[in-house]
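Colleague: okay, here's the prediction I keep looking at, along with the sequence it came from:
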There are 2 protein chains.
Amino acid sequence: MAYTIQQLAALAGVSTRTLRYYDTIGLLPAQRNSTNDYREYTTVQVDRLQRILFLRLFGVPLATIQKILDAPLATQQAALLDQRQRILAERDRLDHLLTTLDKTLKRGGNHMSDTEKFAAFKEKQIKENDVQFGSEIREKYGEEKVSAANKQYAGLSEADYNAMQDTESKMLTLLKAVIQSGQIDSPEAQQVFSLHKAWLQFTWPTYSTEAHKGLAQMYTADPRFGQYYAAKTGSDKAASVLAAIIEKYAV
Amino acid sequence: MAYTIQQLAALAGVSTRTLRYYDTIGLLPAQRNSTNDYREYTTVQVDRLQRILFLRLFGVPLATIQKILDAPLATQQAALLDQRQRILAERDRLDHLLTTLDKTLKRGGNHMSDTEKFAAFKEKQIKENDVQFGSEIREKYGEEKVSAANKQYAGLSEADYNAMQDTESKMLTLLKAVIQSGQIDSPEAQQVFSLHKAWLQFTWPTYSTEAHKGLAQMYTADPRFGQYYAAKTGSDKAASVLAAIIEKYAV
DNA sequence: TCTTGACCTTGCCGTAACGGCAACCCGTAG
DNA sequence: CTACGGGTTGCCGTTACGGCAAGGTCAAGA
């Protein structure tokens, strides 16, 4: 079944103006009724809109969201996992803001140090990441002026985007070798891990082994990843080998 | 001590550009160093900036924030209490979004109903308020198109602003009568409560007796409110009487 | 004293993500 | 045919800054 623009707007809690805008910029392309040329939206568009709403939660620019949603599924999933991390972090931040606000509202006014007054607001800032590749990215774009959400993707130049593709390509080549040798206790396997991690860090503001392992579990559980990595390496063991590598080295 | 613009920007996690802009529009006026005409910010401005950051959390327009911060303390406090409610609500919404996202990420993709896919995103929408005065406001501005935060204050026309002042004025007149009679079990006291509640609803998207009582406690605990209401009614019992009225009728 | 670098100023232009509106078309009911 | 609710495109405007150019200030070092 298909929704009209009004129906989808009401369903999703956005304006029709927004949906038209998203269609115009190619972010959420609509199909057209052949009789009257009205926009129509199917389940594919519904699901894409949901992803858009998740990705725009913390200010990711729309152009970036489009890039993500036009990328392979693994990239999309990584980006959504990233959003998951941010939701968790934002929830903690709101707790902290609540504490701060209660102190401000307290009798007699504000007795906090000036630093403490703003600590919760600043938690949005980038957290340090000590991996070399990650540090390079941050050094390039700076810390003080960079909002994590905005610069994450929009800051990726063409060269960086190519570097990201290159990283994945190298990782896949080595993954093939590991599949053939069957040795996940090897320098090649370790390098697969490092490259996969670096690949993730093009899109993740902070890295956590927990999230990395979460992604690995997704690789084994979701057949779409099995198919993606099988197509890339020529082996239907690719996703499970990659997941095993992540499980082993993400410590 | 005074901060330079760089120091305050770093302290608060905002850009110097933002601080200049806020000074230019009168939202956060800076003092000036007499030697070099550089901007200087004292504790008063620090605290005002903190309030600005709280109020802008969910998209309150800056012009509105300025209106709030230039209003009497009771209005400011009510607005900050309102933000407190929103932080609580937003935290719940993030929990809900997390659940939704986990379902989306789950193996095999998205098995939710279309309605469920967007339920958490739509929680930002206005919740029904069944008080007559509140309904009037909502009917005037519509529901589907109205973002709660944006229309809360910016939607107040000159006439509405005057109505708000008028409401407080009437409430204060009746409060004086109750102070003199000493009867909080009376129609006049009940009307004080109703008018105070209506006054709050100019600025609160949703009303809760809990929040109203929280404000009442603030009225008795914080000497600034004692002074404000004493000045308005000529009696230093005003704040405690008002608080007692709220305690009695906010059920 | 001069130079340099960090900090500051104002003024101006531009941007992202829409909101709003005008002019017009479509389909259905009265 | 008219009216109303739904839809279209095109255009202008808004808000909250980001960015940059041109110029001033101050302190340290040569």
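Modeller: Structure's in. What do you need? Residues are numbered from 1 along each chain as shown, chains lettered A, B, ... in the order given.

Colleague: so the closest residue to residue A:29 other than its chain neighbours is in which element?
Modeller: Counting by CB to CB, 6 or more residues apart in numbering or on different chains, residue A:29 lies nearest to residue A:23, which is 5.9 Å off, once chain neighbours are set aside. For the C-beta atoms, the positions are set from N, CA and C on the backbone; glycine is no exception. Residue A:23 belongs to helix A:16-24 when assigned by DSSP states H and E.

Colleague: show me which residues of the stretch 1-150 of chain A are close to DNA strand C?
Modeller: A:15, A:17-18, A:21, A:35-36, A:56, A:61-63 (CB under 7 Å from any atom of the strand).

Colleague: residue A:211: which of those is nearest?
Modeller: Distances from residue A:211 to those, taken as CB to CB, are shortest for residue A:56 (20.3 Å).

Colleague: count the residues that sit near the closest one.
Modeller: Here the number of neighbours of residue A:56 (other CB atoms under 10 Å in any protein chain shown) works out to 17.

Colleague: same question, residue A:209
Modeller: For residue A:209, the neighbour count with other CB under 10 Å is 12.

Colleague: for the residue in the stretch 101-250 of chain A positioned nearest to chain B, which non-adjacent residue is spatially closest?
Modeller: Proximity of the stretch 101-250 of chain A to chain B (CB to the nearest CB) peaks at residue A:122, 3.6 Å away. With sequence-adjacent residues excluded and distances taken as CB to CB, 6+ apart, residue A:122 is closest to residue B:13, at 3.6 Å.

Colleague: can you list the low-confidence ranges for chain A?
Modeller: Applying pLDDT under 70 to chain A flags residues A:107-110, A:124-162, A:203-206.

Colleague: can you give me the helices in it?
Modeller: A:5-12, A:16-24, A:43-55, A:62-69, A:73-105, A:114-118, A:132-141, A:148-154, A:158-181, A:187-201, A:209-221, A:223-233, A:238-249 (DSSP state H).

Colleague: is chain B within reach of the fifth one?
Modeller: Which is helix A:73-105. Yes: Helix A:73-105 lies within reach of chain B by CB under 8 Å from any CB of the partner chain, at A:77, A:80-81, A:83-84, A:87-88, A:90-91, A:94-95, A:97-98, A:101-102, A:104-105.

Colleague: the third one now?
Modeller: Yes: using CB under 8 Å from any CB, a contact is recorded between helix A:43-55 and chain B, made by A:43, A:46-47, A:50-51, A:53-54.

Colleague: out of those, which are buried?
Modeller: Neighbour counting with 16 or more other CB atoms under 10 Å in any protein chain shown marks A:46-47, A:50-51, A:53-54 as buried within the residues of helix A:43-55 next to chain B.

Colleague: which two in the residues of the stretch 1-150 of chain A next to DNA strand C are spaced the farthest apart?
Modeller: Longest span within these, CB to CB: A:35 and A:61, 35.8 Å.

Colleague: more neighbours, the two?
Modeller: residue A:61 (16 against 6).

Colleague: could you chop chain A up by domain?
Modeller: A:5-55, A:72-251 (automatic domain parsing).

Colleague: ok, back up a step: the residue nearest to residue A:122: neighbour count?
Modeller: Number of residues near residue B:13 (other CB under 10 Å) recorded here: 16.

Colleague: what does chain A put close to DNA strand D?
Modeller: Contact residues (CB under 7 Å from any atom of the strand) of chain A with DNA strand D: A:4-7, A:16, A:20, A:30, A:37-39, A:145.

Colleague: re the thing from before, columns distance to residue B:197 on top of the residues of the stretch 1-150 of chain A next to DNA strand C, output as a markdown table?
Modeller: As requested, those are exported to a markdown table (distance: CB to CB, whole Å):
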| residue | distance to residue B:197 |
| --- | --- |
| A:15 | 32 |
| A:17 | 35 |
| A:18 | 35 |
| A:21 | 40 |
| A:35 | 53 |
| A:36 | 49 |
| A:56 | 36 |
| A:61 | 42 |
| A:62 | 41 |
| A:63 | 46 |
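
Colleague: now, of these, which are buried?
Modeller: Buried subset of these (neighbour count, 16+ other CB under 10 Å): A:18, A:56, A:61-62.

Colleague: and the gap between residue A:41 and residue A:27?
Modeller: According to CB to CB, to the nearest Å, residue A:41 stands 13 Å off from residue A:27.

Colleague: ok, back up a step: let me have the residues of chain A next to DNA strand D in a markdown table, extended by neighbour count.
Modeller: As requested, the residues of chain A next to DNA strand D are exported to a markdown table (neighbours: other CB atoms under 10 Å in any protein chain shown):
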| residue | neighbour count |
| --- | --- |
| A:4 | 14 |
| A:5 | 19 |
| A:6 | 12 |
| A:7 | 15 |
| A:16 | 16 |
| A:20 | 15 |
| A:30 | 20 |
| A:37 | 7 |
| A:38 | 14 |
| A:39 | 21 |
| A:145 | 9 |
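
Colleague: kindly indicate which of those residues lies nearest residue B:199.
Modeller: Nearest member of those to residue B:199, counting by CB to CB, is residue A:16, at 35.5 Å.

Colleague: so what's the closest one up against?
Modeller: For residue A:16, the contact set (CB atoms under 8 Å, 6 or more residues apart in numbering or on different chains) comprises A:5-6, A:9.

Colleague: can you redo the buried ones among the residues of helix A:43-55 next to chain B as a markdown table with distance to residue B:215?
Modeller: Output for those, formatted as a markdown table (distance: CB to CB, whole Å):
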| residue | distance to residue B:215 |
| --- | --- |
| A:46 | 42 |
| A:47 | 44 |
| A:50 | 38 |
| A:51 | 41 |
| A:53 | 34 |
| A:54 | 36 |
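
Colleague: show me the two of the residues you listed that sit farthest apart.
Modeller: So, those by CB to CB: farthest apart are A:46 and A:54, at 13.2 Å.

Colleague: if we can go back for a sec, any quick PyMOL command for the buried ones out of the residues of helix A:73-105 next to chain B?
Modeller: In PyMOL, this line selects whichever of the residues of helix A:73-105 next to chain B come out buried by 16+ other CB under 10 Å:
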select buried, chain A and resi 77+80+81+83+84+87+90+91+94+97+98+101+104+105
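
Colleague: next up, the contacts around residue A:89.
Modeller: Counted by CB under 8 Å, 6+ apart, residue A:89 has contacts residue A:123.

Colleague: in a markdown table, list the helices of chain A along with distance to residue B:238.
Modeller: Shown next, in a markdown table, are those (distance: least, CB to CB, whole Å):
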| stretch | distance to residue B:238 |
| --- | --- |
| helix A:5-12 | 47 |
| helix A:16-24 | 48 |
| helix A:43-55 | 48 |
| helix A:62-69 | 52 |
| helix A:73-105 | 20 |
| helix A:114-118 | 31 |
| helix A:132-141 | 56 |
| helix A:148-154 | 47 |
| helix A:158-181 | 63 |
| helix A:187-201 | 60 |
| helix A:209-221 | 55 |
| helix A:223-233 | 67 |
| helix A:238-249 | 66 |
